[in-house]
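Enquirer: attaching a predicted model along with its sequence, questions to come.
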Amino acid sequence: MKCCACGAEKCDLVYHYPAPAITSLSTILEVDTRVYICSACGHMQSADLPDVQKFYDTEYQISLTSEDADQLYDVVDGVPVYRTQYQAGLILDFVDLPKGAAVLDYGAAKAKSLFRLRERRPDISPHVFDVSEDYRSYWQEWVPKEQQSTYSAPAGWNGRFDLITAHFVLEHVREPVEIFSDIARLLSPTGRFFFSVPDVLGNPADMIVVDHLNHFTQTSLPVALDRAGMKIERIDTSRLRGAFVVVAVFKEVGEKAALSAPAEVDLQIQSLKKCCDAWHAAEKFVADAQSGSAGKKVAIYGAGVYGTFVYARIRNNGGAVCFVDRNPHVHGRDHLGVPVVPPEALSSDIGILYVALNPAIARKAMADLGLDQRKGLELVYLS
Ligand SMILES: [Zn+2]
C-alpha cells in the first residue's frame with residue numbers, strides 16, 4: 001500500500017481484525033480493520049472504506065440530528081464549554097487575524113466553529129466549503145450565498161483567504177496531499193492554514209475507527225504539508241485533548257523542507273506499534289472474559305467508540321443487557337439496540353461490567369463511582 005503522506009510504497013500491515021469494524025460515530029460496519037505504518041515517514045493509515053465518497057455524502061451526518069448534539073468539550077466552573085466554542089478560541093490564540101479577514105472553513109459541515117469565531121470577530125468575511133449538500137440550511141442565515149460552495153471550491157476563490165480552517169477533516173480523506181494542495185490554491189500568499197487532526201498516541205481509539213483513513217504523526221505531518229509547498233509554523237499537542245493543532249504557512253521560495261531524522265521516524269514507529277499491541281491485548285481481555293462469563297448478565301461501561309468495540313466483539317455471545325454512560329444526552333436512548341442507563345441505574349444482577357473507556361482513565365473512573373468495590377460485580381478492563 002502506498003503512503004498517502006510521503007508517497008513511498010513502504011507501508012507495512014501492522015494490525016488486522018476481521019469484520020465487524022467500528023466507525024468514529026460509534027456505529028458498526030461489516031468490513032475488516034486493517035492498519036498500516038509507513039517505514040519511510042512514520043505515517044499510519046487505514047484501508048479504504050468500500051465506498052468512501054458515498055459514506056460522506058449521505059451517511060456521515062455528524063451532529064445533524066439535534067442542535068444540542070454539539071459535543072461537550074469541558075465544564076469550567078460549572079459552565080459547559082462546547083467543542084466548537086473551544087475551537088474558535090484556539091484559532092484566535094494561534095492566529096493573528098487581520099481586520100476584515102477572508103476566512104474559509106474547509107470541510108465545514110455545520111460550520112459551527114466559524115459561526116462562533118464570527119461571534120467574537122464580527123469583522124471577518126465567512127466562507128464555507130463541504131463535499132456534501134446536507135449542511136446548506138445551517139449556512140443560509142449567516143453566510144452569503146456566493147460565499148458557500150459544495151463539492152469543489154470555485155477558481156474565483158484562488159489565493160483569496162487570510163485564514164483557512166479544517167477541523168477534524170484530514171483524517172477522513174484518502175489523499176490528504178491533494179487536500180493540502182487545494183488549500184494552498186485557495187490560501188493568500190501570507191495566509192494561515194489552521195487545522196486539527198487526531199493524535200493516535202494521545203487517543204488510541206483513533207487507530208481502530210475505520211473511517212479515519214489517516215493517523216497523522218509528528219513525523220508524517222511535515223512531509224505531507226511539504227508536498228503541497230507548505231510548512232508547519234506551530235504544532236501543539238496539549239491544547240486540544242487527543243489531537244494535534246497545527247498552523248501551516250507557505251514555504252519561502254527555495255526553502256528546504258524541515259523533515260524528521262530517520263532516528264525520529266523509527267521512534268515514532270515504535271510508539272505506533274505499541275498502540276497496535278495494546279489493541280490486540282484489549283481483544284484478548286474481552287475474549288478471555290467471555291469464556292468465563294457463561295450465565296452472567298453483562299453490561300458495558302461507555303457508549304462511545306470503546307463501548308462499541310466491546311459490543312461488536314461480544315454480540316454473538318449473548319451481547320450486553322445495557323450500556324452505562326455518564327453523559328445525560330444519551331440516557332434513555334438506545335445504542336446499537338441496547339438501552340443506555342446512568343451509572344446509578346446499573347442493576348444489581350449484572351455480573352460482568354466491561355470498562356470500555358480510554359485505558360488511561362478507566363480505573364480511576366470506576367474507583368470514583370465506587371464500582372470497583374461493588375460485591376458480585378466483576379470489572380473487565382481493556383488494559
Ligand atoms: Zn510515508
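Expert: Ah, there it is. As the structure is a prediction and not an experimental result, all values here were calculated from the model. Numbering: from 1, shown residues only.

Enquirer: so residue 271 sits against residue 201, correct?
Expert: Yes: between residue 271 and residue 201 there is a contact at 5.7 Å, judged by C-beta atoms under 8 Å. (C-beta placed from N, C-alpha, C; glycine too.)

Enquirer: among those two, which residue is more densely surrounded?
Expert: Between residue 271 and residue 201, residue 201 has the larger neighbour count (other C-beta atoms under 10 Å), namely 19 against 13.

Enquirer: spit out the contact partners of that one.
Expert: 217, 271, 272, 275 (C-beta atoms under 8 Å, 6 or more residues apart in numbering).

Enquirer: could you flag which of the residues you listed are buried?
Expert: The neighbour count (16 or more other C-beta atoms under 10 Å) marks 217, 272, 275 as buried among those.

Enquirer: for the last one, list the residues it contacts.
Expert: Under the criterion of C-beta under 8 Å, 6+ apart, the contact list for residue 275 reads 200, 201, 204, 207.

Enquirer: same question, residue 314
Expert: 286, 290, 298, 320, 354.

Enquirer: run a quick neighbour tally on the last one.
Expert: Spelled out, it's residue 354. 30.

Enquirer: what's the answer for the third one, then?
Expert: By the other C-beta under 10 Å criterion, the neighbourhood of residue 298 contains 23 residues.

Enquirer: for it, give its distance to residue 306.
Expert: Here the distance between residue 298 and residue 306 works out to 15 Å (C-beta to C-beta, to the nearest Å).

Enquirer: so what's whatever residue of the stretch 201-350 of the chain ends up closest to the ion scoring on pLDDT?
Expert: Per C-beta to the ion, residue 220 is where the stretch 201-350 of the chain lies closest to the ion, at 6.0 Å. In this model, residue 220 is scored at 98, pLDDT.

Enquirer: what sits against it?
Expert: Residue 220 neighbours (C-beta under 8 Å, 6+ apart): 3, 5, 6, 38, 41, 42, 43, 44.

Enquirer: what number of residues lie near the nearest residue to it once chain neighbours are set aside?
Expert: Excluding the flanking residues, the one nearest residue 220 by C-beta to C-beta, 6 or more residues apart in numbering is residue 43, at 3.4 Å. By the criterion of other C-beta under 10 Å, residue 43 has 30 neighbours.

Enquirer: and the gap between residue 43 and residue 193?
Expert: Distance from residue 43 to residue 193, by C-beta to C-beta: 19 Å.

Enquirer: please export the C-alpha coordinates of stretch 177-186 as CSV.
Expert: Taking Å, rounded to 0.1, in the frame of the first residue of the first chain, the C-alpha atoms of stretch 177-186 are listed here in CSV:
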residue,chain,number,x,y,z
VAL,A,177,-1.8,15.9,0.0
GLU,A,178,-4.5,16.6,-2.7
ILE,A,179,-6.5,18.5,0.0
PHE,A,180,-3.4,20.3,1.3
SER,A,181,-2.7,21.4,-2.4
ASP,A,182,-6.3,22.5,-2.8
ILE,A,183,-6.0,24.6,0.4
ALA,A,184,-2.7,26.0,-0.9
ARG,A,185,-4.5,27.0,-4.1
LEU,A,186,-7.1,29.0,-2.0
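
Enquirer: circling back: tabulate the contacts of residue 201 in CSV, adding columns for pLDDT.
Expert: What follows is the contacts of residue 201, written out as CSV (pLDDT from 0 to 100):
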residue, pLDDT
217, 98
271, 97
272, 98
275, 96
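
Enquirer: biggest separation within those, which pair?
Expert: 217 and 275 (10.7 Å; C-beta to C-beta).

Enquirer: overlap in contacts of those two?
Expert: Common neighbours of residue 217 and residue 275 (criterion: C-beta under 8 Å, 6+ apart): 200, 201.

Enquirer: just the strands in the stretch 101-250 of the chain please.
Expert: Ranges of strands within the stretch 101-250 of the chain are 102-106, 125-130, 148-150, 161-167, 187-198, 214-215, 230-236, 243-250, based on DSSP state E, counting those that start in this stretch.

Enquirer: and the angle from the first one to strand 125-130?
Expert: Relative orientation of strand 102-106 versus strand 125-130 (axes from the mean of the first three to the mean of the last three C-alpha atoms, to 10 degrees): 20 degrees.

Enquirer: ranges for the helices of the chain?
Expert: Taking DSSP state H as the criterion, the chain carries its helices at 52-54, 83-94, 112-120, 136-139, 176-186, 205-208, 220-226, 262-291, 305-314, 359-369.

Enquirer: need the contacts of residue 201 in JSON lines with distance to the ion, can you?
Expert: JSON lines is the format used below for the contacts of residue 201 (distance: C-beta to the ion, whole Å):
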{"residue": "217", "distance to the ion": "10"}
{"residue": "271", "distance to the ion": "16"}
{"residue": "272", "distance to the ion": "12"}
{"residue": "275", "distance to the ion": "17"}
